[in-house]
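# can't give you the sequence, but here's the structure:
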């Protein structure tokens, strides 16, 4: 009887763990959208989505190494990706998020920055990644497209 109870308890715990693994780990707010938007569609016409809530899915190809405050999600086409930026301290993505698949929701921002603003952003981004930054590589102005993140699931 006792052995049967222990075996049942182990089975319930394992089933729960497998369900959690299949659903993924949740960060931030619960996802509300059902329909996914392709990253390639967003990048082809960012102004169409500017200010709108979107749900995207793709492999995580980068994580903020300092605070876990952003992840970079790759699109369906080569060399396409979006930054999913969250407010510092609200969500912290772990470094092992890289390589996982993200289902991420937030409000799209498509903003045009001056060359000077881009240089400041480049310096900060390089600092976060621990890399060198060369301001002469910055051409401007440029429209930067990113998602102001609210919630994500990593699988």
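Everything's here; your move. Just so it is clear, the model here is predicted, and its values are computed rather than measured.
# list the contacts for residue 102?
56-60, 71, 73, 84, 152-154 (Cβ atoms under 8 Å, 6 or more residues apart in numbering). In short, each C-beta sits where N, CA and C put it, glycine included.
# can you put those in TSV and add pLDDT and secondary structure?
As requested, these are exported to TSV (pLDDT from 0 to 100; DSSP: H, G, I helix; E, B strand; the rest coil):
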residue	pLDDT	secondary structure
56	98	strand
57	98	strand
58	98	strand
59	98	strand
60	98	strand
71	97	strand
73	98	strand
84	97	strand
152	98	strand
153	98	strand
154	98	strand
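# What about those, which one has the most neighbours?
Neighbour tally across these (other Cβ atoms under 10 Å): the maximum, 30 neighbours, falls on residue 71.
# Touching, it and residue 97? I think so.
Yes - counting by Cβ atoms under 8 Å, residue 71 touches residue 97, with 5.8 Å between them.
# List the residues that are in contact with both of those two.
Contacts common to residue 71 and residue 97, judged by Cβ under 8 Å, 6+ apart, are 60, 63.
# Using CSV, lay out the contacts of residue 102 together with distance to residue 122.
Converted to CSV, the contacts of residue 102 look like this (distance: Cβ to Cβ, whole Å):
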residue, distance to residue 122
56, 24
57, 28
58, 24
59, 24
60, 22
71, 19
73, 20
84, 19
152, 25
153, 30
154, 27
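# Which of those sits closest to residue 120?
Using Cβ to Cβ, residue 84 is the member of the contacts of residue 102 that lies nearest residue 120, at 20.9 Å.
# need the contact list for residue 154.
With Cβ under 8 Å, 6+ apart, residue 154 has these contacts: 24-25, 27, 60, 93, 97, 100-102.
# Could you point out the bridge partners of it in the sheet?
residue 25, residue 102 (DSSP bridges).
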